[in-house]
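Novice: Structure here, sequence nowhere to be found:
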């Protein structure tokens, strides 16, 4: 009986480890916009990309896996600036005490910024630009 109690005690000590996660907080800095710029957005056809995250990416959690999948998809498809309408399919392998992400599939439309230009005051004062309809 003592053997079984000893085995149970050792097993409980092995399972009772804890993980501590620390995050940093940032302070918002007030700023003023002195110059406004606008650009056109050129959106491409829908793409799909599947990646298997490595250990470094997995340590960051689900959000980090999604960001890494978007980054890889954009680099593989013409080095676009952003992914419009991203949708994710995350495959997980479930274990006894946790789950592990095995693959992340992201679909969306790659887009690039084009034709950067300054936005002058006459455009800002235009009521149509601000969403006010003419009567």
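Specialist: Now that the structure is in, tell me what you want to look at. Note that the coordinates shown come from a computational prediction; the quantities given were computed from them, not determined experimentally.

Novice: Would you map the strands across the chain?
Specialist: Using DSSP state E, the strands of the chain run over 37-43, 47-51, 82-94, 99-118.

Novice: Pipe the ones you listed into JSON lines and attach mean neighbour count and distance to residue 72 per row.
Specialist: C-beta coordinates here come from the backbone N, C-alpha and C atoms, glycine included. Putting those into JSON lines (neighbours: other CB atoms under 10 Å; distance: least, CB to CB, whole Å) gives the following:
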{"stretch": "strand 37-43", "mean neighbour count": "12", "distance to residue 72": "19"}
{"stretch": "strand 47-51", "mean neighbour count": "16", "distance to residue 72": "5"}
{"stretch": "strand 82-94", "mean neighbour count": "13", "distance to residue 72": "11"}
{"stretch": "strand 99-118", "mean neighbour count": "15", "distance to residue 72": "8"}
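
Novice: Need the ones you listed in CSV (columns: mean pLDDT).
Specialist: As requested, those are exported to CSV (pLDDT from 0 to 100):
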stretch, mean pLDDT
strand 37-43, 85
strand 47-51, 94
strand 82-94, 90
strand 99-118, 89
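
Novice: will you turn these into TSV that also has distance to residue 57?
Specialist: Shown next, in TSV, are those (distance: least, CB to CB, whole Å):
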stretch	distance to residue 57
strand 37-43	27
strand 47-51	9
strand 82-94	12
strand 99-118	9
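
Novice: wait, which of those is closest to residue 61?
Specialist: Nearest to residue 61, of all the strands of the chain, is strand 99-118, at 9.0 Å by CB to CB.

Novice: list the helices and strands that closest one packs on?
Specialist: strand 37-43, strand 47-51, helix 62-76, strand 82-94 (3 or more CB pairs under 8 Å, 6 or more residues apart in numbering; DSSP states H and E).

Novice: To residue 114, which of those lies closest?
Specialist: Nearest to residue 114, of the helices and strands packed on strand 99-118 and by CB to CB, is strand 37-43 at 4.9 Å.

Novice: Turn the helices and strands packed on strand 99-118 into JSON lines, including distance to residue 101.
Specialist: Formatted as JSON lines, those follow (distance: least, CB to CB, whole Å):
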{"stretch": "strand 37-43", "distance to residue 101": "28"}
{"stretch": "strand 47-51", "distance to residue 101": "10"}
{"stretch": "helix 62-76", "distance to residue 101": "5"}
{"stretch": "strand 82-94", "distance to residue 101": "5"}
